[in-house]
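Trainee: no FASTA, just this:
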Ligand code: WT7
């Protein structure tokens, strides 16, 4: 936990502004009230939130059924997510929202589209009918492999309308990664696009789908959005154009009345084995969690233009580009492309032109902007901003201060939000009206969330000592399982402490009870706020014909947080020159995607192992980060290996 020292010394405190607090959705008084209710009786707190923030076709009878580690929230309740995100904004007192922007979309080339709530509703109903025509039924899985275009939001909501769980696969993943995910979820239909724009050029997606489907029996049809207009091969009898199907589709589609525990989506994330985990979220609890947290933490108002820069292919995009934002009737901005295209001021230009009021991004992006220099934000009027957020990794106090000063003009509260794909929604975060912030701390658990820091034995550690972050009580947005693998679900999250959720992060609390998250403690790396398992990269490497063995570790990186370093033992007789380095990096990109590409590959003729054959990653981490390997090496099998690895430094 390298940052613990510097973070412990951080003692700046920022008080909530009175003006902000006065107008906030959750007043200081309410926050206090919810905190004590959430502490004393979390179920009652969440039941209240579920009733206040969500529309139910049938009210729920039981708030929680908890048979550890399996939870069922809001039993007996029936609802529909697309109804909550769309229909309810078109009716009664809310009917004025019909012509309010639901989605403001900007493509990388600069083209724009605005979908009002009424328009988005119509598109969603039409696409839901298209899905039905293609034989998609309640419970069938639909894979979405798309760029950041409005059709992705439409497809997601259409799935929820008919109760077909979606599995969004980030467009940066390779054909192989897509194939594994399609097969694991047993998807029967894929929605994709000809491509999207990345760094000023069209980037094709459809060929990856064609490649992936060579190994997928279950997929009957592929629906293709025309985004770039590039020549695209269409397989007769399987591939269909989105715009052609939509032309004939009816705009009438009643929302399915679904059980609160009906599967809403699967989202794959990395773990400590080579096989990604399909994280399962369900309907009522998830929607309650993301809607409540969006309203309270982002303080979403009807007058806001909210922008979260995450790709919808990650949980942040699911929860806080789409679901939590639209359920509140707010305007969500979606941007297709690269932050620095055509110039390093693209983000600030977007904020100025659209008058963005709430901005939610990742520390890695902030650090990139710090390095690019203040002149880019200074070219723009950012005075529309009123609240800033960060997510995905610990933010270093320097980057926090820059964000506060240069982007927030010293007036915007910053919410540093800790959560995970598995938690569904935000778990630890400031509330702008009632929580003092400290740069680098995610502050306090949301009301109703019971977070703690434990030691190995399962005892709470005393501040300011560090330990493992745990969640002591179930919460509505929690994952309901790993798709098809209940055993892994039990072991990964509930196997460490009895009936307590093990988050996989190191953390400590300060004297005020504030949480300081130190990052992953397992074999999972956090690269630019994205999770990549070391095992995943290792499996990709050893699948190359020239590789005998490999060990992958992370080393600290100023911009991306962590950079991937791969130690590779080539098969005998293989020349380990720069050509092989290049080839292996390309190979990992092909197997997983560019985000998993090692920043550095070091060749070695042996890896340091314990006598029982376990690779000593701690040593490799030290070597990769340039530290001397001074840890306990008494179990090391072959000391000479260490010296050799250090020598390979020059390469
Ligand atoms: C891991 C979850 C939740 C959406 C993005 C990532 C790290 C996340 C913070 C934060 C420190 C953070 C943790 C966590 N993380 N937010 N505010 N401060 N660390 O989702 O891919 O599921 O990764 O991201 O290590 O376990 P994810």
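Mentor: Everything's here; your move. The shown structure was predicted, so the numbers you read here are calculated from the model rather than taken from an experiment.

Trainee: Let me see the contact set for residue 615.
Mentor: Contact partners of residue 615, counting by CB atoms under 8 Å, 6 or more residues apart in numbering, are 551, 607, 608, 609. C-beta here means a position set from N, CA and C on the backbone, and glycine is covered the same way.

Trainee: and those, which are buried?
Mentor: With burial judged by 16 or more other CB atoms under 10 Å, the buried subset of the contacts of residue 615 is 551, 607, 608, 609.

Trainee: This protein - how does it break down into domains?
Mentor: As given by automatic domain parsing, the domain ranges for the chain are 1-80+283-523, 524-647.

Trainee: JSON lines please, covering those domains and showing mean pLDDT and distance to residue 100.
Mentor: Supplementary listing: the domains of the chain in JSON lines, determined by pLDDT from 0 to 100; distance: least, CB to CB, whole Å:
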{"stretch": "domain 1-80+283-523", "mean pLDDT": "95", "distance to residue 100": "7"}
{"stretch": "domain 524-647", "mean pLDDT": "87", "distance to residue 100": "30"}
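
Trainee: Return the most buried member of those domains.
Mentor: The highest average neighbour count among these, using mean count of other CB atoms under 10 Å, belongs to domain 1-80+283-523 at a mean of 20.

Trainee: Quick check: closest non-adjacent residue to residue 379.
Mentor: Once its chain neighbours are removed from consideration, residue 379 has its nearest residue in residue 345; the separation is 5.5 Å (CB to CB, 6 or more residues apart in numbering).

Trainee: and the residue nearest to residue 242 when sequence neighbours are not counted, bridged to which residues?
Mentor: In this structure, residue 242 finds its nearest non-sequential neighbour in residue 225, 4.4 Å apart by CB to CB, 6+ apart. Legend: beta-bridge partners of residue 225 under DSSP bridges are residue 193.

Trainee: ok, which stretches of the stretch 151-300 of the chain are strands?
Mentor: Along the stretch 151-300 of the chain, the segments classed as strands by DSSP state E, counting those that start in this stretch run 166-168, 189-193, 195-198, 201-204, 221-225, 239-241, 258-259, 263-269, 277-282.

Trainee: do you know which of those lies nearest the ligand?
Mentor: Relative to the ligand, the nearest member of these by CB to the nearest ligand atom is strand 263-269, separated by 5.2 Å.

Trainee: residues in the stretch 351-500 of the chain within reach of the ligand, list them.
Mentor: Within the stretch 351-500 of the chain, the positions near the ligand by CB under 6 Å from any ligand atom are 391, 392, 393, 394, 416, 417, 418, 419, 420, 421, 442.

Trainee: Can you flag which of those residues belong to helices?
Mentor: Among these, none falls in helices (DSSP state H).

Trainee: thinking again about what came up before, with secondary structure and distance to residue 201 as new columns, can the buried ones among the contacts of residue 615 be given to me in a markdown table?
Mentor: Below are those laid out as a markdown table (DSSP: H, G, I helix; E, B strand; the rest coil; distance: CB to CB, whole Å):
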| residue | secondary structure | distance to residue 201 |
| --- | --- | --- |
| 551 | strand | 36 |
| 607 | coil | 40 |
| 608 | coil | 43 |
| 609 | strand | 45 |
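
Trainee: Would you mind measuring from the residue sitting furthest away from the middle of the chain to residue 548?
Mentor: Relative to the centre of the chain, and counting by CA atoms, centre = their mean, the farthest-placed residue is residue 573 at 42.3 Å. In this structure, residue 573 and residue 548 are 11 Å apart, going by CB to CB, to the nearest Å.

Trainee: likewise residue 51?
Mentor: From residue 51 across to residue 548, the span is 60 Å (CB to CB).

Trainee: Next: residue 255.
Mentor: From residue 255 over to residue 548 (counting by CB to CB), the distance is 55 Å.

Trainee: wait, what's in contact with the residue of the stretch 301-450 of the chain found nearest the ligand?
Mentor: Nearest to the ligand in the stretch 301-450 of the chain, going by CB to the nearest ligand atom, is residue 421, at a distance of 3.3 Å. By CB under 8 Å, 6+ apart, the contact list for residue 421 reads 267, 269, 279, 314, 315, 479, 531.

Trainee: Now do stretch 345-358: distance to the chain's middle.
Mentor: 22 Å (CA atoms, centre = their mean, to the nearest Å).

Trainee: Give me the contact list for that stretch.
Mentor: In this structure, residues lying in contact with stretch 345-358 by CB under 8 Å, 6+ apart are 104, 106, 298-300, 303-307, 309, 333, 335, 337-340, 343, 359, 361, 365, 369, 376-377, 379-382, 384-389.

Trainee: what's around residue 125, how many residues?
Mentor: 24 (other CB atoms under 10 Å).

Trainee: One more: the one 5 residues further on?
Mentor: By the criterion of other CB under 10 Å, residue 130 has 24 neighbours.

Trainee: Report the secondary structure state of it.
Mentor: helix (DSSP: H, G, I helix; E, B strand; the rest coil).

Trainee: and the gap between it and residue 434?
Mentor: The spacing between residue 130 and residue 434, counted by CB to CB, is 46 Å.

Trainee: So which of the contacts of stretch 345-358 belong to helices?
Mentor: When helices are assigned by DSSP H, the members of those inside them are 365, 369, 376, 377.

Trainee: what's the closest of those residues to residue 11?
Mentor: Proximity of the ones in helices among the contacts of stretch 345-358 to residue 11 was ranked by CB to CB; the top entry is residue 369 with 25.4 Å.

Trainee: how far away is that closest one from residue 386?
Mentor: Relative to residue 386, residue 369 is positioned 19 Å away (CB to CB).

Trainee: With residue 62 instead?
Mentor: Residue 62 sits at a distance of 39 Å from residue 386 (criterion: CB to CB).

Trainee: What pLDDT is listed against the closest residue to residue 165 other than its chain neighbours?
Mentor: On the basis of CB to CB, 6+ apart, the spatially nearest residue to residue 165 that is not a chain neighbour turns out to be residue 263, at 4.3 Å. Looking at residue 263, its pLDDT reads 98.

Trainee: Which residues are in contact with residue 263?
Mentor: Residue 263 makes contact with 139, 165, 280, 281, 282, 283, 480, according to CB under 8 Å, 6+ apart.

Trainee: if we go to 10 Å?
Mentor: Remark: with contacts taken as CB atoms under 10 Å, 6 or more residues apart in numbering, residue 263 is in contact with 138-139, 141, 163-166, 280-283, 480-481, 483.

Trainee: In the stretch 1-150 of the chain, mark out all the strands, start to finish.
Mentor: 62-67, 70-75, 78-79, 101-106, 112-116, 142-145.
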